[in-house]
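Chemist: 3D model of this:
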Amino acid sequence: MLIGGLVISPTALASIGNVFEHPVLILVALSTGILGNVIPYGIDQVALQRITKARFAFLQALLPATASCVGFIALQQKSDD
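Modeler: Model (predicted):
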């Protein structure tokens, strides 16, 4: 993630434009970035304490299929395959 952030930074800084006119946007962007990683990690840690490692690994393996199903049903996205 760090390398990706460094690679995209020049483009992001060039197109940042109106963000500095509205400081709330900076707060929203930082909150989204932090909470988008902290909440799933916290849920994973709680789940690891309550279920076996094998079951957790199985649930992690189901994530791509679940995301595809949600995208297909809720967002009407089509698979590229």
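Chemist: Average pLDDT for whichever strand or helix holds Arg55, rounded please.
Modeler: Arg55 is located in helix 53-74, with elements delineated by DSSP states H and E. Mean per-residue pLDDT for helix 53-74: 93.
Chemist: Repeat that for stretch 12-31.
Modeler: Averaged across stretch 12-31, the pLDDT comes to 79.
Chemist: what does that stretch rub up against?
Modeler: Residues from elsewhere that reach stretch 12-31 (CB atoms under 8 Å, 6 or more residues apart in numbering): none. From N, CA and C alone the C-beta is placed, and that goes for glycine too.
Chemist: Ile43 versus the most centrally placed residue in the chain, what's the distance?
Modeler: Centroid-nearest residue in the chain: Gly36, 5.2 Å away (criterion: CA atoms, centre = their mean). Plainly put, Gly36 is 12 Å away from Ile43 if you go by CB to CB, to the nearest Å.
Chemist: same deal with Thr66?
Modeler: 14 Å.
Chemist: Kindly state the domain boundaries assigned to this structure.
Modeler: 18-50, 52-81 (automatic domain parsing).
Chemist: how about CSV for the ones you listed, with distance to Gly5 added?
Modeler: Below are the domains of the chain laid out as CSV (distance: least, CB to CB, whole Å):
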stretch, distance to Gly5
domain 18-50, 10
domain 52-81, 23
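Chemist: All set, thanks.
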